[in-house]
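1. sharing a model prediction with you, sequence too.
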Amino acid sequence: TMSSQPAFSAVPAGVQALADGTADIAFNDTERFDQGGDFATPSFTAPVTGKYQLQCHLRIDDLKADVSFYSINLVTSNKTYDYVDMVELDDDYSYRAMTGALLVDMDASDTAKWTITQSGGTDGASIQTDSTFTGFLVC
């Protein structure tokens, strides 16, 4: 247990409606914890150079079958990790979990955030408040 090692767990402040296009996932400054104070909506900022484990767990309600796909992406200062999780539906779904987890290299002051893309189709899906964005310095 290293009290100065960065670690955080952020949650959405409210339900986030989705529409055609790409948007930042609105994780809020109301974190469960933020050891080091390095998270600010919607991004984590690396306080030191190192390897960081970053993960996202989303609960998405009311997914629509006429949408070509939903995807989540981790966007860092060094690289965008495309299509971490992609969903193509044959039917409407009441809810679905989408997750992504990556070990990434970050320099001091680099940022990381998750985005979500809805390609076409009917609006109406939404990210729920029991979703999380968590991360910590590994080495």
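-> That came through fine. Numbering: from 1, shown residues only.

2. for the residue nearest to Leu63 when sequence neighbours are not counted, list the residues it contacts.
-> Once flanking residues are discounted, Leu63 sits nearest to Tyr93: 4.3 Å by C-beta to C-beta, 6 or more residues apart in numbering. Glycine gets a C-beta too; all of them are placed from N, C-alpha and C. Counting by C-beta atoms under 8 Å, 6 or more residues apart in numbering, Tyr93 touches 62-63, 65.

3. out of those residues, which sit inside strands?
-> Using DSSP state E to define strands, the subset of the contacts of Tyr93 located there is 62-63.

4. okay, now the unreliable bits of the chain?
-> Across the chain, the ranges flagged by pLDDT under 70 are 1-3, 84-86.

5. tell me where it has strands.
-> Assigned by DSSP E, the strands in the chain fall at 7-10, 16-17, 21-24, 33-35, 39-40, 43-45, 50-63, 69-76, 80-87, 93-106, 111-119, 126-127, 132-137.

6. elements contacting the fourth one?
-> Other helices and strands packing on strand 33-35, by 3 or more C-beta pairs under 8 Å, 6 or more residues apart in numbering; DSSP states H and E, are strand 7-10.

7. distance from the strand it packs on to the middle of the chain?
-> Taking C-alpha atoms, centre = their mean, to the nearest Å, one finds strand 7-10 lying 12 Å from the centre of the chain it belongs to.

8. burial of the residue nearest to Ala7 when sequence neighbours are not counted, as a residue count?
-> Leaving out its chain neighbours, the residue that sits closest to Ala7 by C-beta to C-beta, 6+ apart is Phe136, at 4.0 Å. Phe136: 16 surrounding residues under other C-beta atoms under 10 Å.

9. likewise Glu31?
-> Neighbourhood size, Glu31 [other C-beta under 10 Å]: 19.

10. I appreciate the help and will end here.
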